[in-house]
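Visitor: Fold the following.
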Amino acid sequence: MKRILTQTILVFTAAAVLQGCFRPLIRKYYFPQVEMYMTITFKDGYGYAIFSRDSSVTTISEDVDYIRMRPLEHTSVSLLLNPECTDIVYVNDSWDIAYINSKKLTFIRIVTDSTFYYSQKFPDGPDADWARPEFYDITILGNMNVVWHKETGENKKYTLAKPYN
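Guide: Below is the predicted model of the structure:
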């Protein structure tokens, strides 16, 4: 009886430890130039980028704005925001892999070769186009593990975004 009890306790302890190891990774970003929080999390084989003006919105539900995609090595989605009107998010999803859940924000799909949003290719950052100076660019790359951003204005460079959590 003692042996069965000990084995049961060991099994439950191992299950609890393993469950803790496989909790979804959550990364939170804040982009003050456009007053936007972005939380990246993973669930059921998908990656989610959750957008909000409130830092406490970090869980997936049908009531929040998010983009869902498979976190693949070639994942690349660019989000352009105009600081003058941050309720509209322009989404460049050249791989056509993103599902958009829009509640408070308006998401508009755009194409890479649009000269309205992009001005030129650039050599010193992610493999994407150079956003025009009036747009703030957030680019999610590589298994949704890398986030680049470029501030508005002439001659701004893309820099690696750092999570705050």
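Visitor: how much space between the most centrally placed residue in the chain and residue 157?
Guide: Central residue of the chain (CA atoms, centre = their mean): residue 49, 3.6 Å from the mean position. Separation of residue 49 from residue 157 (CB to CB, to the nearest Å): 22 Å. All C-beta spots, glycine's among them, are computed from the backbone N, C-alpha and C.
Visitor: that older thread, the residue nearest to the centre of the chain against residue 39, yeah?
Guide: Yes - the criterion here is CB atoms under 8 Å, and residue 49 meets it with residue 39 at 7.4 Å.
Visitor: Work out for me the element residue 40 sits within.
Guide: Secondary structure assignment for residue 40, by DSSP states H and E: strand 36-43.
Visitor: Now that strand: buried residues?
Guide: For strand 36-43, the buried set under the neighbour-count rule, 16 or more other CB atoms under 10 Å, comprises 36, 37, 38, 39, 40, 41, 42.
Visitor: What pairs with it, parallel or antiparallel?
Guide: Next to strand 36-43 in the sheet, as set by DSSP bridges, lie strand 27-31 (antiparallel), strand 46-52 (antiparallel).
Visitor: I'd like the next helix or strand past the last one.
Guide: Right, the one you point to is strand 46-52. Next element after strand 46-52 (DSSP H and E): strand 65-69.
Visitor: where along the chain do the helices fall?
Guide: 2-21 (DSSP state H).
Visitor: what about it, any weak spots by pLDDT?
Guide: 1-24, 120-129, 155 (pLDDT under 70).
Visitor: and if we set it to 50?
Guide: 5, 11-24, 127-128 (pLDDT under 50).
Visitor: What are the buried residues along stretch 46-66?
Guide: Buried-residue list, stretch 46-66, by 16+ other CB under 10 Å: 47, 48, 49, 50, 51, 52, 57, 58, 60, 64, 65, 66.
Visitor: Pick the one among the residues you listed closest to residue 132.
Guide: Closest approach between the buried residues of stretch 46-66 and residue 132, by CB to CB: residue 51, at 21.1 Å.
Visitor: shouldn't that closest one be in contact with residue 87?
Guide: No - under the criterion of CB under 8 Å, residue 51 is not in contact with residue 87, lying 10.6 Å apart.
Visitor: Need the residues touching each of these two.
Guide: Residues touching both residue 51 and residue 87 (CB atoms under 8 Å, 6 or more residues apart in numbering): residue 105.
Visitor: Include distance to residue 142 when you put the buried residues of stretch 46-66 into a markdown table, please.
Guide: Output for the buried residues of stretch 46-66, formatted as a markdown table (distance: CB to CB, whole Å):
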| residue | distance to residue 142 |
| --- | --- |
| 47 | 11 |
| 48 | 16 |
| 49 | 14 |
| 50 | 19 |
| 51 | 20 |
| 52 | 24 |
| 57 | 25 |
| 58 | 22 |
| 60 | 21 |
| 64 | 24 |
| 65 | 23 |
| 66 | 19 |
